[in-house]
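[1] With the sequence up front, the predicted model follows.
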Amino acid sequence: MNARTRGARQRKRGRTPFVLGALALVAVVLVVIVVIFAINNRAPKQRQPHPTPSPARPTAQPADCPDVQTIVIPGTWESAANDSPTQPHANPNSLLLQVSRPLSAAEPAARNDVYTVPYVAQFRNPLDPKTFNQATYDESRAQGTKRAKDKITEVNEHCPLTSYLIIGFSQGAVIGGDIASDIANGRGPVDPDLVLGVGLIADGRRDASQVQNIGPNPPGVGAERAVQGLPMPGITMTGTRSGGFGVLADKVESICAPGDLICDAPTIGNLFDAANKLVAAINNPVHAMYGTTKYWQLNGQTATQWMADWAERTVAAAPRPPHN
């Protein structure tokens, strides 16, 4: 072996520990990077809602408390921010008057207090400049939701044994359904066991698998689910309700007429088509006719007749808490 060969081998042996050490260091760095990436990008744990335990309820409540508080939430164009909650008159043709009036007449207010939520109830069309002085859907919905929740909270604080009935149509059904979903999933404003029932006509977030479908059960979905994710100014389509109706699912009565695009909508993928169809659907013949048997009926009853009868039966069977 000549001197050149021996020198080359010695240099090679000298580099070997260095190379192995460098490779080990690279491997360690790669492991650290992988671990950090995995920690930072792991799927968040799905936490189940845990309702805050309510204080122990008293055995009786104040004498001025109703046994049942019914919350009625009208649809688009059928209410006003300054309307009377006990004698609503902003729209004398409001569909839910066909439910609230007979319901009020069936029992005294001490048994069932019927409160119609006054809110702006508008839906600005972002493609029509003539409607720019109207409230957006998001603004209208937020106001209706706040006022309905505020009323429920106010009553519950004073009347801890009062039960609740929630009834909504169209935009009001979205609001009522959202509140019921919050209650069912421990997000307030009251405990689920205080809710007697939820009646929704033409719910814009309808999911037929989560409710008790009354009468015809068309294959479409709520418009908010059909166009979820499409960016429309002032119109946030919120899709499926988080947690659905949970423990209240068997108490949610849903009515939807076939062909009503508010609750029986196909998936729509075009922004302008979606906006125009949503606005048109609010006043389409099907959506406006739940007070007749033309597009929806069950054993000869209109949707409003069925809802009024169901509400009266529900109130009649409600608990009668003691009063001080």
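    Happy to help now that I have it. Residues are numbered from 1 along each chain as shown.
[2] And Tyr137, how close does it get to Gly177?
    15 Å (Cβ to Cβ, to the nearest Å). From N, CA and C alone the C-beta is placed, and that goes for glycine too.
[3] Sorry, slip of the keys, the one I care about is Leu103.
    Relative to Gly177, and taking Cβ to Cβ, Leu103 is found at 19 Å.
[4] So what's the residue count around Pro285?
    10 (other Cβ atoms under 10 Å).
[5] before we move on, which element is it in?
    Assignment of secondary structure by DSSP states H and E places Pro285 within no helix or strand.
[6] Chain neighbours aside, what residue packs nearest to it?
    Tyr295 (7.5 Å; Cβ to Cβ, 6 or more residues apart in numbering).
[7] Hmm, Cys256 and that neighbour touching each other?
    No: judged on Cβ atoms under 8 Å, Tyr295 makes no contact with Cys256 at a distance of 10.2 Å.
[8] Which residue of these two possesses the greater neighbour count?
    Neighbour count, other Cβ under 10 Å: between Tyr295 and Cys256, Cys256 has more, with 30 against 19.
[9] Now for the closest residue to that one other than its chain neighbours: which residues touch it?
    Nearest residue to Cys256, sequence neighbours excluded (Cβ to Cβ, 6+ apart): Cys263, at 3.8 Å. Going by Cβ atoms under 8 Å, 6 or more residues apart in numbering, Cys263 touches 173, 202-204, 206, 218, 220-223, 254, 256-257.
[10] can you list those residues in JSON lines and add pLDDT, secondary structure and distance to Leu196?
    Listed next are the contacts of Cys263 as JSON lines, based on pLDDT from 0 to 100; DSSP: H, G, I helix; E, B strand; the rest coil; distance: Cβ to Cβ, whole Å:
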{"residue": "Ala173", "pLDDT": "98", "secondary structure": "helix", "distance to Leu196": "17"}
{"residue": "Ala202", "pLDDT": "98", "secondary structure": "coil", "distance to Leu196": "21"}
{"residue": "Asp203", "pLDDT": "98", "secondary structure": "coil", "distance to Leu196": "18"}
{"residue": "Gly204", "pLDDT": "96", "secondary structure": "coil", "distance to Leu196": "23"}
{"residue": "Arg206", "pLDDT": "97", "secondary structure": "coil", "distance to Leu196": "21"}
{"residue": "Pro218", "pLDDT": "92", "secondary structure": "coil", "distance to Leu196": "27"}
{"residue": "Gly220", "pLDDT": "90", "secondary structure": "coil", "distance to Leu196": "28"}
{"residue": "Val221", "pLDDT": "93", "secondary structure": "strand", "distance to Leu196": "27"}
{"residue": "Gly222", "pLDDT": "95", "secondary structure": "coil", "distance to Leu196": "23"}
{"residue": "Ala223", "pLDDT": "91", "secondary structure": "helix", "distance to Leu196": "28"}
{"residue": "Ser254", "pLDDT": "98", "secondary structure": "strand", "distance to Leu196": "16"}
{"residue": "Cys256", "pLDDT": "98", "secondary structure": "coil", "distance to Leu196": "22"}
{"residue": "Ala257", "pLDDT": "97", "secondary structure": "coil", "distance to Leu196": "25"}
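[11] which of those residues lies closest to Glu107?
    Ala173 (23.4 Å; Cβ to Cβ).
[12] List the contacts of the closest one.
    73, 75, 200-204, 263.
[13] Out of those residues, the closest to Glu154 would be?
    For those, the nearest to Glu154 is Ile73 (15.9 Å; Cβ to Cβ).
[14] Distance check, that closest one against Asn324.
    Taking Cβ to Cβ, one finds Ile73 at 31 Å from Asn324.
[15] Looking at the two, which one has more neighbours?
    Ile73 (31 against 10).
[16] Please name the nearest non-neighbouring residue to the more buried one.
    Nearest non-adjacent residue to Ile73, counting by Cβ to Cβ, 6+ apart: Gly172, 3.3 Å away.
[17] For the helix or strand hosting that neighbour, C-alpha coordinates in PDB please.
    Element membership of Gly172, judged by DSSP H and E, is helix 171-184. What follows is helix 171-184, C-alpha atoms only, in PDB (Å, rounded to 0.1, in the frame of the first residue of the first chain):
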ATOM      1  CA  GLN A 171     -87.000  34.300   9.100                       C
ATOM      2  CA  GLY A 172     -88.700  33.900  12.400                       C
ATOM      3  CA  ALA A 173     -88.300  30.100  12.100                       C
ATOM      4  CA  VAL A 174     -84.600  30.500  11.600                       C
ATOM      5  CA  ILE A 175     -84.400  32.700  14.700                       C
ATOM      6  CA  GLY A 176     -86.600  30.400  16.800                       C
ATOM      7  CA  GLY A 177     -84.800  27.300  15.600                       C
ATOM      8  CA  ASP A 178     -81.400  28.900  16.400                       C
ATOM      9  CA  ILE A 179     -82.600  29.700  20.000                       C
ATOM     10  CA  ALA A 180     -84.000  26.200  20.400                       C
ATOM     11  CA  SER A 181     -80.700  24.700  19.200                       C
ATOM     12  CA  ASP A 182     -78.700  26.900  21.700                       C
ATOM     13  CA  ILE A 183     -81.000  25.700  24.500                       C
ATOM     14  CA  ALA A 184     -80.700  22.100  23.500                       C
END
